[in-house]
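K.L.:
Here's a sequence, model it:
(2 chains)
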Amino acid sequence: MSDPHLNSPEGHEELDPDRGVLERVAAGDTESFGVLVSRHQDRLFRLCERMLHDPEDAREAVQEVFLKAFRGAPRWRPRGQVYTWLYRIAVNHCLNRLRRRRLATFFSFGDLAPGDDDGPELDPADDGPDAEQRLRDRRRWNAAKKHIRQLPPSQQAVLVLARFEGLPYREIAETLGITEGAVESRLFRAVRRLGERLQVEAQESRPSRVAP
Amino acid sequence: MNDSTRTPSDRAGDSGQDLVRLLHGELGAAEAAALQRRIDQDEELRRRWQHLRTTWGALAPPPPTPTPEDLVHRVLVRARREADGGSWRLAPTWAKASAGLAGAFGLTFGILLGGMAPAGPLSVEVSRDQVAALQDPAEEDVGDAFGELGGLPTLAETYLLALEDSGGLLDPADRAADQGVAR
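P.N.:
Residues are numbered from 1 along each chain as shown, chains lettered A, B, ... in the order given. Predicted coordinates for the structure are as follows:
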């Protein structure tokens, strides 16, 4: 899994086409910044959406993330892939947003903050032949999402990067600034905990049989 | 530890992590094949494997919302605006800190001078930039995910962070892992 080439700075330079682009951004080249945004907008928007569970919030968050990268470019040190650095900014930004959201909930005495509802189960235009399957998928996802939100933020971040972004342990560790062992144990505990909760929920929702 | 001397609990702990590695595709071909053979032979391990696989499958997210079409444009407009008019935000931290300190010093000096001066109308102005230099939100978040939290947190944020530090929001086992429980 680990590529020794990636561990050397020279390897990063050869294999990471973003490095030169970021260096130009650091020198104040906004056109190069446009290149960086175009390359990474999809993955960063998806990451923000999956961490914040709200597309509207993610739209705002991803812009802030890119602007932070723009401001932080002169301070970037080539210690890894550029996109793991972008992921790190995005994860930190989303965690701070989630903290503020909890703060808002705390001060509103438990009212749901934006993005904390599950949204419509079926889009109005969603009436094609696969609509039923999509409805089932959405219900399953809403159930999973509810439990994911209850995980400690540190486990949520690892889960999102591993399960949803498909990052290998090494890159998750790089993004979050933790060891691969910590990634492994957090992911295991997150999956185990979610499995227990989903199992309990499935048992509770199973219709009890009435004796004839 | 010899596999035959390990307790079921030992085996459950690390084999669970191995199973998640297998799910995530972290194991090499030889390791994956060996673990798959163990799964085929061990009924308890097979049961746990199926449970983890079901959970992993239940966590498959729906297709993401399409990225907003004008995202690049919006970000670039804001970046250009900052680069053109807001060069202060791009200034190095030491420059902002120095300016902030100079502002604070000037303010203090002015107040002291005002106290000594004869009574009369006096106005002291501190620029917005000087105040902003003391807390720059641009410095936030470009640090470790669970370590540095840039900027100055509000009292309420400090409360939440303290709660997180005391274990209310951060799993104690995560803290142990962070403190060096590496493989």
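K.L.:
Can you confirm whether stretch A:16-23 lies near chain B?
P.N.:
No: applying CB under 8 Å from any CB of the partner chain, one finds stretch A:16-23 out of contact with chain B, separated by at least 13.0 Å. (Each C-beta comes from the backbone N, C-alpha and C, glycine too.)
K.L.:
Helices of chain A, start to end?
P.N.:
Per DSSP state H, chain A carries helices over the ranges A:9-15, A:18-26, A:30-52, A:55-72, A:82-107, A:131-149, A:153-159, A:169-176, A:180-205.
K.L.:
Test for you: state the pLDDT assigned to residue 159.
P.N.:
The chain I'm using is chain A. pLDDT recorded at residue A:159 is 94.
K.L.:
Correction: the question concerned chain B.
P.N.:
56.
K.L.:
now do residue B:138
P.N.:
Value for residue B:138, per-residue pLDDT: 42.
K.L.:
Any stretches of chain A with poor pLDDT?
P.N.:
A:1-14, A:103-129, A:206-212 (pLDDT under 70).
K.L.:
Name the residue closest to the centre of it, please.
P.N.:
Centroid-nearest residue in chain A: residue A:47, 3.4 Å away (criterion: CA atoms, centre = their mean).
K.L.:
So that residue is in contact with residue A:165, correct?
P.N.:
Yes: Residue A:47 sits in contact with residue A:165 when judged by CB atoms under 8 Å, with a separation of 6.1 Å.
K.L.:
Helix or strand for residue B:22, just tell me which one.
P.N.:
Element membership of residue B:22, judged by DSSP states H and E, is helix B:8-24.
K.L.:
follow-up on the earlier one: and for residue A:47 and residue A:165, which residues touch both?
P.N.:
residue A:87 (CB atoms under 8 Å, 6 or more residues apart in numbering or on different chains).
K.L.:
Buried deepest among the helices of chain A, which one?
P.N.:
helix A:153-159 (a mean of 25; mean count of other CB atoms under 10 Å in any protein chain shown).
K.L.:
Distance to residue B:43 added to the helices of chain A, as CSV?
P.N.:
Converted to CSV, these look like this (distance: least, CB to CB, whole Å):
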stretch, distance to residue B:43
helix A:9-15, 44
helix A:18-26, 48
helix A:30-52, 35
helix A:55-72, 44
helix A:82-107, 39
helix A:131-149, 28
helix A:153-159, 28
helix A:169-176, 29
helix A:180-205, 18
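K.L.:
Can you check which of those helices gets nearest to residue B:60?
P.N.:
In terms of CB to CB, the element of the helices of chain A nearest to residue B:60 is helix A:131-149, at 7.9 Å.
K.L.:
what packs against the closest one?
P.N.:
For helix A:131-149, the elements it packs on are helix A:153-159, helix A:180-205, helix B:43-58, judged by 3 or more CB pairs under 8 Å, 6 or more residues apart in numbering or on different chains; DSSP states H and E.
K.L.:
Go again with 10 Å.
P.N.:
In terms of contacts (3 or more CB pairs under 10 Å, 6 or more residues apart in numbering or on different chains; DSSP states H and E), helix A:131-149 is packed against helix A:30-52, helix A:153-159, helix A:180-205, helix B:43-58.
K.L.:
and the angle for it with helix B:43-58?
P.N.:
Here helix A:131-149 points in a direction 110 degrees away from that of helix B:43-58 (axes from the mean of the first three to the mean of the last three CA atoms, to 10 degrees).
K.L.:
so how far is helix A:131-149 off the chain centroid?
P.N.:
Taking CA atoms, centre = their mean, to the nearest Å, the mean C-alpha location of helix A:131-149 is offset from the chain mean by 17 Å.
K.L.:
how about the helices and strands packed on helix A:131-149 in a markdown table, adding distance to residue A:72?
P.N.:
Listed next are those as a markdown table, based on distance: least, CB to CB, whole Å:
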| stretch | distance to residue A:72 |
| --- | --- |
| helix A:30-52 | 12 |
| helix A:153-159 | 19 |
| helix A:180-205 | 24 |
| helix B:43-58 | 35 |
